[in-house]
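Engineer: Here is my input, please return the structure:
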Amino acid sequence: VHVAQLVQALHPRQWRFGEAGLTAPGGGVFALARQSGAQISLDLTADWKDWAYTEDRPYWQTPYGDLSTYYSFIYSDVKQRMAADEVPDYFDVWNEPSSDGTVDQWLSVYGTAYQAIKAADPAAQVVGPSIPSFLVTSGGHPDTPGYQLSLSDFLNWEMETGDRFAAITWHEDGTTVGPS
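Structural biologist: Below is the predicted model of the structure:
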């Protein structure tokens, strides 16, 4: 049985992925997801890391260190996806921001990406912060490395900036689920 038939049989409603290459034969995984009828969420983290690893190496894991280049890259990435007719339903800015940076530094990444995405495509739907757990309470140290970005940090930042993401995202790794 062909993989497309297997996917169709599942009737997926949502499909989240990163690094959906624009040069994949037949549209690759993006086309497979679109053909299945699923709404697509594209994590832009891998796009930036793959490009920046060779083009902006000091900041490939920390785009907050070079926000002007990050803005240009995200804007260009969205425009290329539009030209290839591979625009996801949702652009997910960054997956699991590390605590190596500060909360404020990571919020600057979300703001920069939001502005770049909306400049490239005003109709785009942007989601985030894709933190690794349902962390509600802020560490209260926005300028100190070592603290995780929380949903409270993110939502308060949204209220302060006026940027409005289409959805608030996080994911669990299963470790919070007790035995059955």
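
Engineer: Helix or strand next in line after the helix or strand containing Ile117, which one?
Structural biologist: Element membership for Ile117 (DSSP states H and E) is helix 103-120. Counting by DSSP H and E, the element after helix 103-120 in chain order, helix or strand, is strand 126-131.

Engineer: Following that next one in sequence, what is the next regular element?
Structural biologist: Sequence order places helix 151-161 as the next helix or strand after strand 126-131, per DSSP H and E.

Engineer: Show me what whichever helix or strand comes after that following helix is in contact with.
Structural biologist: For helix 151-161, the following helix or strand on the C-terminal side (DSSP H and E) is strand 167-170. The contact list for strand 167-170, computed with Cβ atoms under 8 Å, 6 or more residues apart in numbering, reads 90, 92, 125, 127-135, 151, 154-155. C-beta: built from backbone N, CA, C; applies to glycine.

Engineer: do stretch 94-109 as well
Structural biologist: So stretch 94-109 is contacted by 18, 43-45, 61-64, 67, 70, 93, 110, 113, 128-132, 138-139, 141-150, 153-154, 157 (Cβ under 8 Å, 6+ apart).
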